[in-house]
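Asks: Structure, please.
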Amino acid sequence: MDTDRFKNFEHDVRNLVLAFERQQGADYRYFDVDQLEIIADYYLEVYDVEGLEAAVKYGEQLFPLSSVIRLRRAHLLSMQGMYQQALEILKDLEHTEPDNTDVSYALGAVYSMLGKPRLAIDYYEKAAADGYQLDMIYGNMADEYYRIDDKDSAISYYKKSIDQNPEEERSMFNLACAFNELGRNIESEEYFTHVVTENPYSKSAWFTLGSVYSWLSLYEKAADAFEYAIAIDKTMFNAYLGLSDAYRFSGDLSRSVQALRDAIPYADDKPYVVYCIGRIYLDAGNYHTASTYFHDAIKEDPSFALAWNDLGRCSQSLGYVDEAAGYYRRAIDLDPDSDEHWVCLADLYMSSSRYAEACALLESARTEAADRFVFDSRLIYCYFRLGRRNRLFSLLQQDASQYASLYHTLYNQYPDLSSDPEVVNNIAILSAK
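Replies: Next up is the predicted model:
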């Protein structure tokens, strides 16, 4: 049994859950309603659907009419995406217990999932009547106001949430994003500076202030803020990422890399962090060192398609064309839905004048591409270089209804197209329609 899953829970919760799990399939032990509520809520908090279902079924056997158990059945149905069935139970509970704030909160959550933000707000407001977990409730209300594009109300409720809990990271970051979208980053800076002044040990507030500074391109101040967050909690992984970005944008690549190295012990996805170090070196043009980190990331996770793709970029930049092609092909095999991997391989072929190979590759992938013109623009040029003029003009005609407004960009991408009068005339006619 992995007891780490209980690290944020009281010892009594751990004992109850383990006792419940041990009796499954053996002699059943009696648990009262209060104990089953604690057990079910543990599974709900860690999003363990199977565990919650077992606790609810057991509770229904012992207490089929209990509103506590019925409410957990509604939670389970919501987790399973069965919102209408959950709503039926919750509305019945609301009828019999109109002042039950737990039911009101559950109704707010279901209406949120059903895309009915105003009803969700009404029920969250009812749930707030008992004054319990107001930081979460106000944050949820703010999210719903944001959904209906009432950003002023969203900002107001995010602030209420933070007033209740100066570590409410979700509300802080969402508030900063709302300010950012409205172009009010100066106001955001002032607000979060006040928050850290009032709550100097709030790692969430320092992290958010660091993010705001980064958006204002104040990278030295951003780095200081992220450093404060890490000083408060050295396990705060996202603060290391923010710190690395702040140093990278200010041009201090060595400290950017060091911040990521410091983050590795606290990362859930260590290969990703190693990959990010490789990206710093790749962007700086240090392809040998970047390759080393990409290889390390792949050793940890052989299915890391982005690392394979960027390994191809390094090899191509170093002149190892066949090796690069193999890496790009591996990335495609691992993640065929990513346009980037296909395009990198096609561009490699085109840069080596291997237009027939590029043609075959692009034709095989274009119909499933997220951005088809990225593929078709290259295909048009390949047809041009191969003298496949019928296919070239057919593709231009085929794409005109959707992409004619982009045809002028072909000349910037492939200047020699402009030297062919027939191509120029055809593009002009199709673009004018």
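Asks: Hmm, S315 and E323 touching each other?
Replies: Yes. Counting by C-beta atoms under 8 Å, E323 does reach S315; the two are 4.5 Å apart. In short, each C-beta sits where N, CA and C put it, glycine included.
Asks: Who has more neighbours out of these two?
Replies: S315 (22 against 15; other C-beta atoms under 10 Å).
Asks: What lies in contact with the strand or helix carrying the more buried one?
Replies: Using DSSP states H and E, the element containing S315 is helix 305-317. The contact list for helix 305-317 (C-beta atoms under 8 Å, 6 or more residues apart in numbering) reads 271, 275, 278-279, 282, 285, 287-288, 290-291, 294-295, 297-298, 301, 321, 323-328, 330-331, 334-335, 338, 340-341, 344-345, 348, 351.
Asks: Can you pick out the ones from those residues that are in helices?
Replies: Using DSSP state H, the subset of the contacts of helix 305-317 located in helices is 271, 275, 278-279, 282, 287-288, 290-291, 294-295, 297-298, 321, 323-328, 330-331, 334, 340-341, 344-345, 348, 351.
Asks: Could you pull out the buried residues of the helix holding S315?
Replies: Residues of helix 305-317 classed as buried by neighbour count (16 or more other C-beta atoms under 10 Å): A305, L306, A307, W308, N309, D310, L311, G312, R313, C314, S315, Q316.
Asks: Which parts of the stretch 51-200 of the chain are helices?
Replies: 67-79, 83-96, 101-113, 117-127, 134-147, 151-164, 169-181, 185-198 (DSSP state H, counting those that start in this stretch).
Asks: Can you say which of these is nearest to L44?
Replies: helix 67-79 (5.5 Å; C-beta to C-beta).
Asks: Packing partners of that closest one?
Replies: helix 33-45, helix 49-62, helix 83-96, helix 101-113 (3 or more C-beta pairs under 8 Å, 6 or more residues apart in numbering; DSSP states H and E).
Asks: Among the contacts of helix 305-317, name the buried ones.
Replies: Of the contacts of helix 305-317, these count as buried by 16+ other C-beta under 10 Å: 271, 275, 278-279, 282, 287, 290-291, 294, 297-298, 321, 324-328, 330-331, 334-335, 338, 340-341, 344-345, 348.
Asks: Including distance to D224, could the helices of the stretch 51-200 of the chain go into JSON lines?
Replies: Converted to JSON lines, those look like this (distance: least, C-beta to C-beta, whole Å):
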{"stretch": "helix 67-79", "distance to D224": "41"}
{"stretch": "helix 83-96", "distance to D224": "45"}
{"stretch": "helix 101-113", "distance to D224": "37"}
{"stretch": "helix 117-127", "distance to D224": "36"}
{"stretch": "helix 134-147", "distance to D224": "27"}
{"stretch": "helix 151-164", "distance to D224": "21"}
{"stretch": "helix 169-181", "distance to D224": "17"}
{"stretch": "helix 185-198", "distance to D224": "11"}
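Asks: Ok, which of those comes nearest V374?
Replies: Among these, helix 169-181 sits nearest to V374 (C-beta to C-beta), with 27.7 Å.
Asks: Pull the number of nearby residues for the nearest residue to T96 once chain neighbours are set aside.
Replies: Take T96 and drop its neighbours on the chain: the residue closest to it by C-beta to C-beta, 6 or more residues apart in numbering is S67, 7.2 Å away. S67 is flanked by 17 other residues according to other C-beta under 10 Å.
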